[in-house]
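# I need the structure of the sequence given here:
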Amino acid sequence: MFKKVQNIYQLGCKELWSLWRDPAMLVLIIYTFTISVYTASTAVKDTLNMAPIAIVDEDHSTLSERISSAFYPPNFISKTTTLGTMDAGMDAGEFTFAVNIPSNFQSDVLSGDAAEIQVNVDATRMTQAMSGAGYIQQIIQSEVNEYVLRNREISQLPIDLAIRSRFNPTLENIWFNSVMQIINNVAMLSIILTGAALIREREHGTIEHLMVMPVTVFEIMMSKVWSMSLVVLIAAFVGLKVVVQGALHVPIEGSLALFFFGAFLTLFATTSMGIYMATVSKSMPQFGLLMMLVLIPMQLLSGGSTPRESMPEIVQHVMMIAPTTHFVSLAQAILYRNAGFDVVWPSFVWLLGIASVFFYVSWKRFKDTIHTMA
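All right, here's what the predicted structure looks like:
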């Protein structure tokens, strides 16, 4: 037993030295948990921000000027233009929204006649289009009502509605995006590192050396799992402390020890997946294509990008076999809501079962194909 542990440790150290001598992989690890996390957290805006809007004022009245001046940063960047320029700008993608105020608009409003304002929305920009159209409608209605009634109408509710946003009081999307980027990168990098390590040994011919050594397939596989998992865990810890908490000032509410224990179980499953895919692939390009086919659905359907409750029921059931689904669930509960083990233990049980099955299947596949890989 001690000899097996010693072999696993020494083979794992060999993997770490091989990784240390691979500058491309080192750059990938550093980039994935630093620059990638920061840019993905700050560049992607889910809310309306600096949306370009064209204003065509054919009325040139007091009311039309009030409406035109109501669109200002940080939600909108307005530009007064002509009707022909507005259409050309919408076709060229220069404007997300366009508001056309027709002539005699103010007189029609004051006389009670039917008055219309044309609002064009570039629906190809889905995030801004959905929220921006509602903003524009509210702004125009508010300005028209204020002008007609000579005062800003304030709706009074029969009750006092106290709204408290828990776990993210200021509704900052950076808080969510940064942590989810760490979670997604844990799965991605673990698959890449283990799969690339095995394919690199095949291409360099070191698989033949391992086959003549007094080590078993189980020891070879376990060495790759623990060494690459250790690298990802350290990189994820640095990313959380330096980038998420340090640079982005995102508060982490829960226990990092509990989170990284869940990450370890997830890595046990994803590193096994990387080894399995490496045994199926004949070269590094094939491994990259196969990884994309597996990883992208895992990330998109795990609940990190879209709530699982919004997905079709059949997709929810199928994704229960993916380790990322349970990792996202426990990570959000621990890091956002300060949940303890008594809350997230079902996710840990699922991860333990999934990791055991994935490891066994990968071990069988590796054992059956190692002689053909030399």
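
# burial count for Val294?
For Val294, the count of nearby residues is 18 (other C-beta atoms under 10 Å). The C-beta positions use only the backbone N, C-alpha and C, and glycine is treated the same way.

# Touching, it and Met273? I think so.
Yes - Val294 is within contact range of Met273, at 7.0 Å (criterion: C-beta atoms under 8 Å).

# and for those two, which residues touch both?
Ile191 (C-beta atoms under 8 Å, 6 or more residues apart in numbering).

# Now name the helix or strand holding Ile55.
strand 51-57 (DSSP states H and E).

# Quick one: mean pLDDT for the helix or strand following that strand?
Downstream of strand 51-57, the first helix or strand assigned by DSSP H and E is helix 62-68. When pLDDT is averaged along helix 62-68, the result is 90.

# which parts of helix 62-68 are buried?
For helix 62-68, burial by neighbour count (16 or more other C-beta atoms under 10 Å) applies to 63-68.

# That helix - contacts with which helices or strands?
Here helix 62-68 touches strand 51-57, strand 97-101, helix 105-111, helix 126-149, going by 3 or more C-beta pairs under 8 Å, 6 or more residues apart in numbering; DSSP states H and E.

# before we move on, the earlier item: against which helices or strands is the strand holding Ile55 packed?
Partner elements for strand 51-57 (3+ C-beta pairs under 8 Å, 6+ apart): helix 62-68, strand 76-80, helix 83-92, strand 97-101, helix 126-149.

# Dump stretch 295-310 to CSV, restricted to CA.
Written as CSV, here are the backbone C-alpha positions of stretch 295-310 (Å, rounded to 0.1, in the frame of the first residue of the first chain):
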residue,chain,number,x,y,z
LEU,A,295,-17.5,21.6,-22.1
ILE,A,296,-19.7,24.3,-23.8
PRO,A,297,-23.0,22.4,-23.0
MET,A,298,-21.8,21.7,-19.5
GLN,A,299,-21.2,25.4,-18.8
LEU,A,300,-24.3,26.8,-20.5
LEU,A,301,-26.7,24.3,-19.0
SER,A,302,-25.2,23.9,-15.6
GLY,A,303,-27.2,26.9,-14.1
GLY,A,304,-24.4,29.4,-14.2
SER,A,305,-25.5,31.3,-17.3
THR,A,306,-29.2,30.6,-17.1
PRO,A,307,-31.3,29.5,-14.0
ARG,A,308,-32.0,25.8,-14.3
GLU,A,309,-35.6,26.4,-13.5
SER,A,310,-35.9,28.3,-16.8
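
# Off-centre distance for it?
On the basis of C-alpha atoms, centre = their mean, to the nearest Å, stretch 295-310 sits 9 Å off its chain's mean C-alpha point.
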